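Colleague: Below are the sequence and a predicted model for it; my questions follow.
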Amino acid sequence: MKKIMLCYPPGDLTVKIKNKYKFQTLDVIPAMLKACNDLGYIAAVLNNQGHNVFLKDYKIQQNSPLDLLDDILNFNPDMIVLHTSFPNVFEDLKIIRMIKSSNPEIVTVLYGDLFFNPSADLLSNLPLGGVDYLIGADEAFVLPLLIACHFNSPQDVFKIPFITVCKNGLMQKTNFNLSHGDINDLPAPARNMMKNEYYYRPDNMKVTATIITSSGCDKKCIHCSEYNYYGPVCHIRPASKVFEEMYDCYNKYGITNFFFPLDTFSHSEKWVEELCDLIIDSPMNNNIEWIANVNIATFTEYMASEMKAAGCSMLVMRFDCGSDDSLFRMNRGFTVDESLNSVEIAKKAKLKIYGLYSMGLPWENQDHLIATKKLILKSCPDYISLALPVAYPDSHIESAFKDANILKSPSLSKDGLNLQPLGTKFLSHQFISNFREKTLLRYYLNPALFLKKLLTITKEPDLFLSYLKYIWFLFKNKSF
Ligand code: SF4
């Protein structure tokens with residue numbers, strides 16, 4: 001039995017949100033914070049194996065590195081496992097060095113999708129001193145193997161897939177081509193350790209449980225790392241298991257709001273029908289509210305009516321672009337007409353829409369941007385995020401900009417991340433940025449939307465105020 005500490009390290013929470021919303025934190029959006037289910041899954045697996053586990057999300061609890069050191073002193077772990085992502089990685093590596101200098105005996109592990117088959121450039125540019133292992137996929141499957149091998153048969157660590165062993169300044173990657181784990185082989189996340197009260201919907205302030213319905217994906221959308229990190233096969237959880245997890249949250253923790261973050265949620269009508277029927281036939285009926293990501297390529301009218309009846313109030317839809325050319329190049333698997341049809345379906349079922357759009361991919365010219373603006377104004381979602389691409393190192397977006405000869409200097413050097421403002425082959429970054437803000441202003445000043453927001457003023461005065469503030473911000477912005 002080992003003492004294992006799992007955490008989202010301390011740091012600026014807004015960096016996490018900015019990353020999620022591609023640096024647009026002022027948008028009037030329900031900045032849904034996903035709960036730390038990944039830590040919860042690891043904790044559940046390790047608890048089952050008899051390890052002594054400590055779990056904490058220092059970011060959401062706004063704890064400092066000193067709090068982390070205090071916890072380390074009290075818990076005295078054999079191994080500490082931290083989640084990281086590009087916007088935080090340099091800060092997180094500083095924390096690892098701090099941990100190692102406080103106690104060199106602690107084994108340090110960092111995991112995140114940036115370590116999936118990392119390039120030599122990435123490994124040489126990151127200050128990885130103090131890190132023992134990097135995990136680049138399937139952390140809940142890999143970590144138990146790593147604990148067993150590291151403490152009992154260190155020579156076998158090289159047989160574990162998806163990791164990089166960092167030893168004496170040398171980085172050795174193991175096999176990244178093996179098949180990935182199936183989420184159905186994992187227990188439910190250890191919610192008793194997750195401090196659920198910190199994760200809530202900012203638009204209604206209700207504690208919200210994040211429910212993962214699948215792992216992996218057989219599609220390869222340009223912005224998404226699901227197929228790398230969890231594999232190219234989509235493993236869907238049975239609807240009955242998803243229902244059991246929801247009911248457990250409701251029954252044990254009194255949680256009435258749920259968030260389904262994966263768009264594979266809408267992979268099949270039969271599956272959605274089964275889940276919704278289970279909810280409707282349970283004590284949760286009329287007592288819960290939920291938000292689900294759906295994929296426009298698979299979303300149907302029947303699903304919408306079932307979901308509405310089972311308490312769904314909002315759909316997250318990634319429309320991306322208003323041109324079929326861009327959608328095709330992004331590998332999205334649907335057309336603009338299908339996007340508009342999905343909007344009609346959602347509106348007919350009285351489901352709110354949180355629309356995700358993007359602008360400024362390498363091939364886009366002014367016509368592409370105008371088409372996206374038209375789609376935004378026509379679909380007029382209840383909430384919006386209009387993102388500009390960010391070329392994180394080793395990402396598909398970075399490759400697209402490199403291939404188009406737009407990204408000339410590296411996004412990462414020994415000095416840190418160097419995320420450059422990106423233009424396209426035909427448009428400058430400044431032009432795209434101005435176009436984006438004008439598009440947002442047109443969207444927020446849409447009379448239908450203004451009326452909708454006005455009607456929420458008594459129920460959600462803070463939300464209405466932030467809506468007005470954001471319009472003011474857009475007006476004040478220098479680009480007008
Ligand atoms: S379909 Fe969804 S999960 Fe699959 S690659 Fe595309 S965005 Fe990611």
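Modeller: Now that the structure is in, tell me what you want to look at. Numbering: from 1, shown residues only.

Colleague: Residues of the stretch 201-350 of the chain that sit close to the ligand?
Modeller: 217, 219-221, 224, 226-227, 263-264, 295 (C-beta under 6 Å from any ligand atom). Every residue, glycine included, has its C-beta placed from N, CA and C.

Colleague: Just those: which are in helices?
Modeller: 226-227 (DSSP state H).

Colleague: between the residues of the stretch 201-350 of the chain next to the ligand, which has the most around it?
Modeller: D263 (27 neighbours; other C-beta atoms under 10 Å).

Colleague: surely it meets L315?
Modeller: No: using C-beta atoms under 8 Å, D263 makes no contact with L315, being 9.8 Å away.

Colleague: where do the contact lists of these two overlap?
Modeller: 293-294 (C-beta atoms under 8 Å, 6 or more residues apart in numbering).

Colleague: Residues in contact with stretch 328-344: which ones?
Modeller: Counting by C-beta under 8 Å, 6+ apart, 219-223, 294-297, 299, 317-324, 327, 353, 361, 363, 371, 375, 378-379, 381 sit against stretch 328-344.

Colleague: buried subset of those residues?
Modeller: 219, 221-223, 294-297, 299, 317-324, 327, 353, 361, 371, 375, 379, 381 (16 or more other C-beta atoms under 10 Å).

Colleague: Can you give me the distance of the residue nearest to L93 when sequence neighbours are not counted to the ligand?
Modeller: Counting by C-beta to C-beta, 6 or more residues apart in numbering, P127 is the residue found nearest to L93 once chain neighbours are left out, at 5.4 Å. In this view, P127 and the ligand are 31 Å apart by C-beta to the nearest ligand atom, to the nearest Å.

Colleague: Do I have it right that P127 meets E91?
Modeller: No: contact criterion C-beta under 8 Å: P127 and E91 do not qualify, at 11.3 Å.

Colleague: Which parts of the stretch 151-300 of the chain are helices?
Modeller: Counting by DSSP state H, counting those that start in this stretch, the stretch 151-300 of the chain has helices at residues 226-229, 239-253, 269-280.

Colleague: now these in TSV, with mean pLDDT?
Modeller: TSV is the format used below for the helices of the stretch 151-300 of the chain (pLDDT from 0 to 100):
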stretch	mean pLDDT
helix 226-229	79
helix 239-253	97
helix 269-280	98
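
Colleague: rewinding a little: which ones are touching the residue nearest to L93?
Modeller: 90, 93, 97, 414.

Colleague: Give me the pLDDT for the third one.
Modeller: In this case it means R97. With respect to pLDDT, R97 scores 95.

Colleague: Which is the succeeding secondary structure element to the helix or strand hosting it?
Modeller: Under the criterion of DSSP states H and E, R97 resides in helix 89-102. Downstream of helix 89-102, the first helix or strand assigned by DSSP H and E is strand 107-111.

Colleague: Please tell me how far Y111 sits from V242.
Modeller: 25 Å (C-beta to C-beta, to the nearest Å).

Colleague: same check, this time on L445
Modeller: 40 Å.

Colleague: burial of F435, as a residue count?
Modeller: 20.

Colleague: contacting residues for it?
Modeller: By C-beta under 8 Å, 6+ apart, the contact set of F435 is 359, 369, 373.

Colleague: How about the secondary structure of it?
Modeller: helix (DSSP: H, G, I helix; E, B strand; the rest coil).

Colleague: Quick check, pLDDT for K373.
Modeller: pLDDT, K373: 97.

Colleague: do the one 4 residues further on as well
Modeller: According to the prediction, L377 has pLDDT 94.

Colleague: Likewise for E460?
Modeller: Confidence score, pLDDT, at E460: 70.

Colleague: Could you report the distance from it to K452?
Modeller: Relative to K452, and taking C-beta to C-beta, E460 is found at 11 Å.

Colleague: rewinding a little: just send the helices of the stretch 151-300 of the chain back as CSV, with distance to C7 too.
Modeller: Converted to CSV, the helices of the stretch 151-300 of the chain look like this (distance: least, C-beta to C-beta, whole Å):
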stretch, distance to C7
helix 226-229, 19
helix 239-253, 21
helix 269-280, 32
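
Colleague: Sort the residues of the stretch 201-350 of the chain next to the ligand by pLDDT and name the bottom one.
Modeller: Per-residue pLDDT puts Y227 lowest of these, at 78.

Colleague: Now do the same contact list for it.
Modeller: By C-beta under 8 Å, 6+ apart, the contact list for Y227 reads 216-220.

Colleague: now, which of those sits nearest N257?
Modeller: Distances from N257 to those, taken as C-beta to C-beta, are shortest for C217 (25.4 Å).

Colleague: Test my guess that the closest one contacts E226.
Modeller: Yes: proximity of C217 to E226 meets the contact threshold set by C-beta under 8 Å, at 4.4 Å.

Colleague: if we can go back for a sec, could you list which of the contacts of F435 also contact the ligand?
Modeller: Okay, of the contacts of F435, nothing touches the ligand (C-beta under 6 Å from any ligand atom).

Colleague: Which of the residues you listed fall within helices?
Modeller: 369, 373.

Colleague: Kindly give a single ChimeraX line that selects the buried subset of the contacts of F435.
Modeller: Of these, the buried ones can be selected in ChimeraX as follows, counting by 16+ other C-beta under 10 Å:
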select :359,369,373
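
Colleague: Would you mind listing the buried residues in stretch 167-184?
Modeller: 171, 173-174, 176, 180-183.

Colleague: And stretch 417-432, by the same measure?
Modeller: 417, 419, 422-424, 427, 431-432.

Colleague: between the residues you listed, which is nearest the ligand?
Modeller: Distances from the ligand to the buried residues of stretch 417-432, taken as C-beta to the nearest ligand atom, are shortest for L422 (20.7 Å).

Colleague: quick one, strands of the stretch 351-480 of the chain?
Modeller: 352-358, 383-387, 412-413, 416-417 (DSSP state E, counting those that start in this stretch).

Colleague: Which secondary structure state is assigned to R318?
Modeller: strand.

Colleague: follow-up on the earlier one: determine which of the helices of the stretch 151-300 of the chain approaches K348 most closely.
Modeller: Closest among these, using C-beta to C-beta: helix 269-280, at 16.4 Å.

Colleague: who touches the closest one?
Modeller: By C-beta under 8 Å, 6+ apart, helix 269-280 touches 236, 239-240, 242-243, 246, 265-266, 285, 288, 300, 302-303, 306-307, 309-311.

Colleague: same question, stretch 59-77
Modeller: So stretch 59-77 is contacted by 3-5, 7-13, 16, 33, 36, 54, 56, 58, 80, 95, 98-99, 102-103, 106, 195, 198-199 (C-beta under 8 Å, 6+ apart).
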